[in-house]
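# need a structure here:
(2 chains)
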Amino acid sequence: MTSRVEIPDNLSPIINRGVSRIISEEEFTAMLQRGTPLRLKMGFDPSRPDIHLGHVVGLRKLRQLQDLGHQVILIVGDWTAQIGDPSGRSATRTMLTHAEVLENAESYMRQFFKVVDRDRTQVEWQSQWFGEFTLANVIELTSRFTINQFLHREDFANRYSQNQPIAITEMLYPLMQAYDSVVIESDVEFGGTDQMFNLLVGRELQGMMGQTPQQCFMMPILVGTDGVQKMSKSLGNYVALEEPPQEMYGKLMSLPDSLIASYYEYLTDVPDADISEMRQAMESESANPMDFKKRLARYITAVFHDDGAANAAESHFEQVVQRRDLPDDMPEFSIADVADLPINRLLAQTGLAASNGEARRLITQGAVEIIRSDGERISVSAESAPTLAPGDVVRAGRRRYVRVVE
RNA sequence: GGAGGGGUGGGUGAGUGGUUAAAGCCACCAGACUGUAAAUCUGGCGCCCUGACGGGCUUCGCAGGUUCGAAUCCUGCCCCCUCCA
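This next block holds a predicted model:
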């Protein structure tokens, strides 16, 4: 294993772009200039294996540092996943089996390594050390901190003052995470700004145990496609890495214009200067935000698929969404199966509508039309539903199509 | 051990006997508009029948009960939370 590390002249792209806060920036900078590989810690909980663009901000940061020669230590939180995370309002407390954890971890890594360099990553499973943890160890660990310290953490403090529940195990989580840092002797730990407390506990614990305290590297929260809240799976405002190209492109096009610049900043290598130019152009309305958004959507789709897929996704968008032409591929149904159905049932049965009732609604709202093979468009109303022939396409709304075949 | 609060549609949350298929908000869907699947505006948003008017069915933690009538009252059960000790 080589230990050559590049020391860049300009640290700004590392410590400024896509960064929310570094504790401490001074120490971190010094570490970078030491010229030895740093151990960069990143943990994940395999009960939630889906990675979305919100996570990519941090993964890109890891990659950037890897490219300088630093080492990533990926911690699989299989221990915490197996005992089940008690936080959150969800009533179901997932108890993952070992097999599920393995499967999730595999899926996570498949996505993780789309951004992070596998060759400079060491994967460690938490169970390696927590598997043989005893009560004595737990007491030893917990005795180093006080409830008061933990209650100062923002979300605990808020919940406490609002009489919301705080599970004891939730107090244990930061400790376990901190202990991970000690075991792997991490130099820098990465997380979102919401992880600050946990990262700091790690830093403190390392100090107590005679190690050099890790630096805490916090990434900004990426706002989701709704333009308001943090991107997260449960809020449904996310773009997953495993999203098919068309979906990925389309979801990015549904971003509010106000988010365009920050997505460029956090998720692409487009130079800062170009981004500020775009910002200005949008502010002065000398350019159409849509063009920047299309470029962004193409860029990101290409990263997680490839140029071909990104271009295809863009053509599809232009064709189907902008020009409202027919898509190239759509589900097909045999004329024999649908010819005799009343139109609303046809919509429901072919999946164009979720129920007959919704089908009726779509019809009354003018969302349904039939496109003949010669291009003629016949809108469907409640009273008049044309007879279908092979080659006809039924459209319900902007994105749902079905073709009738022999 | 004791006291109290609560479980409502995808989410939040109002509703404490009929006018409630259940407010408002969010999400979602559609239409208009648009160089965007942005913004904005309008409409819709349990299931089934109907071109429509309208009708039927199911729903407010679960199971019973009271009542002409219950998300709303009573009984039992399950679950969640807070406080005191």
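# and the gap between residue A:118 and RNA strand B?
Distance, residue A:118 to RNA strand B, using C-beta to the nearest atom of the strand, to the nearest Å: 31 Å. Bear in mind the C-beta positions are built from the backbone N, C-alpha and C, glycine included.
# and that residue, how many residues sit next to it?
For residue A:118, the count of nearby residues is 12 (other C-beta atoms under 10 Å).
# Ok, the one 4 residues further on next?
Residues near residue A:122, counting by other C-beta under 10 Å, number 11.
# what's across from it in the sheet?
Counting by DSSP bridges, residue A:122 is bridged to residue A:73.
# Please verify my assumption that it contacts residue A:75.
No. The pair residue A:122 and residue A:75 does not pass the contact test of C-beta atoms under 8 Å, sitting 9.7 Å apart.
# Looks like residue A:105 contacts residue A:74 (just checking).
No. Using C-beta under 8 Å, residue A:105 is not in contact with residue A:74, being 9.6 Å away.
# what's the closest non-adjacent residue to residue A:314?
residue A:298 (5.4 Å; C-beta to C-beta, 6 or more residues apart in numbering).
# Could you look up the SS state of the one you found?
Three-state assignment for residue A:298 (DSSP: H, G, I helix; E, B strand; the rest coil): helix.
# Distance of it relative to residue A:42?
28 Å (C-beta to C-beta, to the nearest Å).
# what's the burial count for the residue nearest to residue A:209 when sequence neighbours are not counted?
Using C-beta to C-beta, 6+ apart and skipping residues adjacent in sequence, the residue nearest residue A:209 is residue A:182, 5.4 Å away. Neighbouring residues of residue A:182 were enumerated by other C-beta under 10 Å; the total is 19.
# Double-check that residue A:182 belongs to a helix.
Yes. Remark: residue A:182 belongs to a helix, assigned using three-state DSSP.
# can you tell me which residues contact it?
Residue A:182 is in contact with A:202, A:205, A:206, A:209, A:211, counting by C-beta atoms under 8 Å, 6 or more residues apart in numbering.
# Buried subset of the residues you listed, written for ChimeraX?
The buried subset of the contacts of residue A:182, as determined by 16 or more other C-beta atoms under 10 Å, is captured in ChimeraX by this line:
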select /A:202,205,206
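# Dump the contacts of residue A:182 into TSV; add pLDDT and distance to RNA strand B as well.
Output for the contacts of residue A:182, formatted as TSV (pLDDT from 0 to 100; distance: C-beta to the nearest atom of the strand, whole Å):
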residue	pLDDT	distance to RNA strand B
A:202	92	26
A:205	92	27
A:206	92	31
A:209	90	32
A:211	90	35
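# quick one: which of the contacts of residue A:182 is nearest residue A:249?
Comparing the contacts of residue A:182 against residue A:249 with C-beta to C-beta places residue A:202 closest, at 38.3 Å.
# and the closest one, what element?
Taking DSSP states H and E as the definition, residue A:202 sits inside helix A:196-208.
# And the contacts of that helix?
Under C-beta under 8 Å, 6+ apart, the answer for helix A:196-208 is A:21, A:23, A:144-145, A:153-154, A:173-175, A:177-182, A:186, A:189, A:191, A:212-218.
# In helices, which of those residues fall?
Taking DSSP state H as the definition of helices, the contacts of helix A:196-208 contribute A:154, A:173, A:174, A:175, A:177, A:178, A:179, A:180, A:181, A:182.
# Narrow those to those that are buried.
Buried among those by 16+ other C-beta under 10 Å: A:173, A:174, A:175, A:177, A:178, A:179, A:180, A:181, A:182.
# The fifth one and residue A:400: what is the separation?
Put plainly, it is residue A:178. Distance, residue A:178 to residue A:400, using C-beta to C-beta: 50 Å.
# just the last one next, same as before
As defined by C-beta to C-beta, residue A:182 lies at a distance of 54 Å from residue A:400.
# Neighbours of the closest residue to RNA strand B within the stretch 151-300 of chain A, how many?
Scanning the stretch 151-300 of chain A for proximity to RNA strand B using C-beta to the nearest atom of the strand identifies residue A:250 as nearest, at 1.9 Å. Neighbour count of residue A:250, defined by other C-beta under 10 Å: 20.
# Residue A:62 and residue A:190 touch, don't they?
Yes. Between residue A:62 and residue A:190 there is a contact at 6.5 Å, judged by C-beta under 8 Å.
# Common neighbours of these two, please.
Counting by C-beta under 8 Å, 6+ apart, the residues touching both residue A:62 and residue A:190 are A:40, A:42.
# Quick check, pLDDT for the most centrally placed residue in chain A.
Residue closest to the mean C-alpha point of chain A, counted by C-alpha atoms, centre = their mean, is residue A:52 at 1.4 Å. Residue A:52 carries a pLDDT value of 90.
# again with the one 10 residues further on
In this model, residue A:62 is scored at 93, pLDDT.
# For the helix or strand where it lies, which outside residues touch it?
According to DSSP H and E, residue A:62 maps onto helix A:53-66. With C-beta under 8 Å, 6+ apart as the test, helix A:53-66 has contacts from A:13-14, A:18-19, A:38, A:40, A:42, A:51, A:72, A:112, A:115-117, A:120-121, A:190-192, A:217, A:219-222, A:224, A:230-232, A:238-239, A:241, A:263, A:266-267, A:300.
# Need phi/psi at residue A:40.
Residue A:40 adopts backbone torsions of phi -100, psi 120, taken as degrees, to the nearest 10.
# and it, what are its bridge partners?
Beta bridges link residue A:40 to residue A:72, residue A:188 when assigned by DSSP bridges.
# residues from the stretch 101-250 of chain A in reach of RNA strand B?
Applying C-beta under 7 Å from any atom of the strand, we find that the stretch 101-250 of chain A lies next to RNA strand B at A:163, A:164, A:165, A:166, A:226, A:227, A:228, A:236, A:246, A:247, A:249, A:250.
# hmm, which of the residues you listed are the buried ones?
For those, a burial check counting by 16+ other C-beta under 10 Å picks out A:166, A:226, A:246, A:249, A:250.
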